[in-house]
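1. sequence unknown, structure follows:
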Ligand code: UD1
Ligand code: CA
């Protein structure tokens, strides 16, 4: 039976070098806080317990992870007054005491780590029968990372942080990636011995390596060929770089599953988005939050789908259309310059160019309902809450007032929109026409 695996993810650092408005580990990356990425990778190994160490923002970290990974059974440990990565692991001491087996320790700011790599680290650890195993990569520019100092026999002697490294050590390109396996309970004793006699005055987790060697324990290192997987982020430029890598990975996964992404380089898809095979995503499109796109849909170019959008089979969303908390029924189309917020749209409706659901009255959001086969004329404003029933039509430029119900099959035109009167008799109606504004229902859009 394989040894038990437990996990600690370090997420208590302030991230001062980011100079951002959020704690570093909450930096958003494709719809999730940064720390959710390594936490998810660790969870894929099926660990017994996963403990996230957080600092003064613990409640925010708990909340953000709960929203991003609702299924993950996470525990939290508070690191009061963070004083380094070893100090962070020890913040989870109460939860770790009494555990046996392997403990995987991950930096919370390495969002590119993945389960396949962690599996390989476990295999290295097991084969070597090591007390401590670490992950290393070789970087062209190793600035900022801990350097791996190798002994004459090729084994890892120590990890030396940038600030503490000699010129000679700084020339080393092999660096510590921030993922470790240790054995419990032995590791707790080693951790207790870590001091803070270094340039930062912090308790470095990386000192575990030297201490283990000195105690005669085996230290193993997995040198991973894909350096990108180990990238962390300490400043905004590095954050942008890891975002770019993850963006490409998300888009590639959708393409592997059979989604047609016409221009991957300009397609932005959040982690939670689901897209059925056979859907088509055109260039310069952003799909954010929890969005569900069915087969046969076409999105873009230049579309912005936001949280809570559901596109049912064959729906089409075109350029400069923004959707939020909106269901677009099968075969319905909104192809140009439109905002659909808090809208429920049935099947085969046509939403004309420039349609706006005015969903927000300054205090509350309200729903707009559009029935099957409805035809919304160009430039219609639907002030929510309001309803356009099945088969109904609005004229170009119609302003459908709040609480209106455009009845089944009716045509409403004008400002404010009213049911189109039966064809006026020759003499009557000049006044009426004025109120109705644009004549008749014209100016819709056939969706092409
Ligand atoms: C760390 C490693 C370095 C490695 C690099 C890889 C140490 C001493 N150095 O450096 O060898 O090359 O990661 O990216 O570990 N954290 C806490 N509490 C603290 C301090 C940090 O929870 O008191 C967390 C941070 O939130 C972060 C992680 O630990 O997620 C790493 O801390 P960071 O300060 O970014 O370490 P680096 O300087 O990048
Ligand atoms: Ca870091």
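-> Sure thing, it's come through. Note that the structure is predicted; figures quoted are calculated from it, not measured. Numbers count the residues shown, from 1 in each chain. Ligands and ions are numbered 1, 2, ... in the order given.
2. CA only for contacts and neighbour counts going forward, please
-> OK.
3. And for the one helix or strand residue 40 maps to, what's in contact with it?
-> In this structure, residue 40 is located in helix 36-43 according to DSSP states H and E. With contacts defined as C-alpha atoms under 8 Å, 6 or more residues apart in numbering, helix 36-43 is touched by 7, 9, 50, 65, 68-69, 72, 106-115, 118.
4. For the buried ones among the residues you listed, write the corresponding ChimeraX selection.
-> When burial is assessed using 16 or more other C-alpha atoms under 10 Å, the buried subset of the contacts of helix 36-43 is captured in ChimeraX by this command:
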select :7,9,50,65,68,69,106,107,108,109,110,111,112,113,114,118
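5. just checking, which of the contacts of helix 36-43 belong to strands?
-> In strands, defined here by DSSP state E, the members of the contacts of helix 36-43 are 7, 9, 50, 106-107.
6. which among those gets closest to ligand 1?
-> residue 107 (4.2 Å; C-alpha to the nearest ligand atom).
7. give the contact list for the closest one.
-> By C-alpha under 8 Å, 6+ apart, the contact list for residue 107 reads 9-11, 38, 178-179.
8. biggest separation within the residues you listed, which pair?
-> Within those, two members stand farthest from each other by C-alpha to C-alpha: 11 and 179, at 13.2 Å.
9. So which of the two has more stuff around it?
-> Using other C-alpha atoms under 10 Å as the criterion, residue 11 and residue 179 rank with residue 11 on top: 29 against 21.
10. And the closest residue to residue 165 other than its chain neighbours, how far from residue 217?
-> Counting by C-alpha to C-alpha, 6 or more residues apart in numbering, residue 147 is the residue found nearest to residue 165 once chain neighbours are left out, at 7.9 Å. Residue 147 sits 20 Å away from residue 217, taking C-alpha to C-alpha, to the nearest Å as the criterion.
11. Give me the more crowded residue out of those two.
-> For residue 147 versus residue 217, the count of surrounding residues by other C-alpha under 10 Å is larger for residue 147: 27 against 15.
12. where along the stretch 1-150 of the chain do the helices fall?
-> Assigned by DSSP state H, counting those that start in this stretch, the stretch 1-150 of the chain shows helices spanning 36-43, 58-68, 85-90, 93-96, 115-128.
13. Name the surrounding residues that touch the shortest one.
-> Contact partners of helix 93-96, identified using C-alpha under 8 Å, 6+ apart, comprise residue 188.
14. Is that helix in proximity to ligand 1?
-> No: looking at helix 93-96 against ligand 1 by C-alpha under 6 Å from any ligand atom, there are no contacts, and the closest approach is 13.6 Å.
15. which parts of that helix are buried?
-> If you call a residue buried by 16+ other C-alpha under 10 Å, then helix 93-96 has these buried ones: residue 96.
16. Contact residues of the protein facing ligand 1?
-> Listed as neighbours of ligand 1 in the chain under the rule C-alpha under 6 Å from any ligand atom: 10-13, 53, 82-85, 88, 107-109, 145-146, 161, 175-178, 204-206, 232.
17. Out of the residues you listed, name the ones that lie in strands.
-> Judged by DSSP E, those include 10-11, 53, 107, 175-178 as members of strands.
18. Which two of those have the greatest separation?
-> When those are compared pair by pair using C-alpha to C-alpha, the maximum separation belongs to 53 and 175, at 23.5 Å.
19. for the contacts of residue 107, which one is nearest residue 60?
-> Using C-alpha to C-alpha, residue 11 is the member of the contacts of residue 107 that lies nearest residue 60, at 11.6 Å.
20. which ones are touching that closest one?
-> 25, 35, 52-55, 107-109.
21. what's the domain layout of this structure?
-> Dividing the chain into domains by automatic domain parsing, as the record does, gives the ranges 5-230, 259-422+434-442.
22. model confidence over the first one, on average?
-> Per-residue pLDDT values over domain 5-230 give a mean of 96.
23. Could you check how far it is from the centre of its chain?
-> In terms of C-alpha atoms, centre = their mean, to the nearest Å, the gap separating the centre of domain 5-230 from the centre of its chain is 22 Å.
24. go on, the last one?
-> Going by C-alpha atoms, centre = their mean, the spacing between the C-alpha centre of domain 259-422+434-442 and its chain's C-alpha centre is 25 Å.
25. what is the mean pLDDT for that domain?
-> Along domain 259-422+434-442, the predicted confidence averages to a pLDDT of 95.
26. Quick one: the domains of the chain as JSON lines, columns for distance to residue 250 too.
-> Listed next are those as JSON lines, based on distance: least, C-alpha to C-alpha, whole Å:
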{"stretch": "domain 5-230", "distance to residue 250": "9"}
{"stretch": "domain 259-422+434-442", "distance to residue 250": "7"}
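27. so which of those domains is the most packed in?
-> The highest mean neighbour count among the domains of the chain, using mean count of other C-alpha atoms under 10 Å, belongs to domain 259-422+434-442: a mean of 22.
28. coming back round to it: the ones in strands among the contacts of helix 36-43: which two are farthest apart?
-> Using C-alpha to C-alpha, the two most remote members of the ones in strands among the contacts of helix 36-43 are 50 and 107, lying 13.1 Å apart.
29. The lengthiest helix in the chain packs against which elements?
-> Taking residue count as the measure and DSSP state H as the definition, the longest helix of the chain comes out as helix 236-256. In this structure, helix 236-256 makes packing contacts with strand 267-269, judged by 3 or more C-alpha pairs under 8 Å, 6 or more residues apart in numbering; DSSP states H and E.
30. Determine the next helix or strand in the C-terminal direction from the strand it packs on.
-> Assigned by DSSP H and E, the successor of strand 267-269 is strand 274-275.
31. Quick check: neighbours of that following strand in the sheet, parallel or antiparallel?
-> As defined by DSSP bridges, the strand partners of strand 274-275 come to strand 292-293 (parallel).
32. And the helix or strand just after the strand it pairs with, what does it pack against?
-> The element immediately downstream of strand 292-293 (helix or strand, assigned by DSSP H and E) is strand 298-299. For strand 298-299, the contact count by 3+ C-alpha pairs under 8 Å, 6+ apart identifies strand 280-281, strand 316-324 as packing neighbours.
33. could I get the ones you listed as JSON lines with distance to residue 154?
-> Listed next are the helices and strands packed on strand 298-299 as JSON lines, based on distance: least, C-alpha to C-alpha, whole Å:
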{"stretch": "strand 280-281", "distance to residue 154": "50"}
{"stretch": "strand 316-324", "distance to residue 154": "56"}
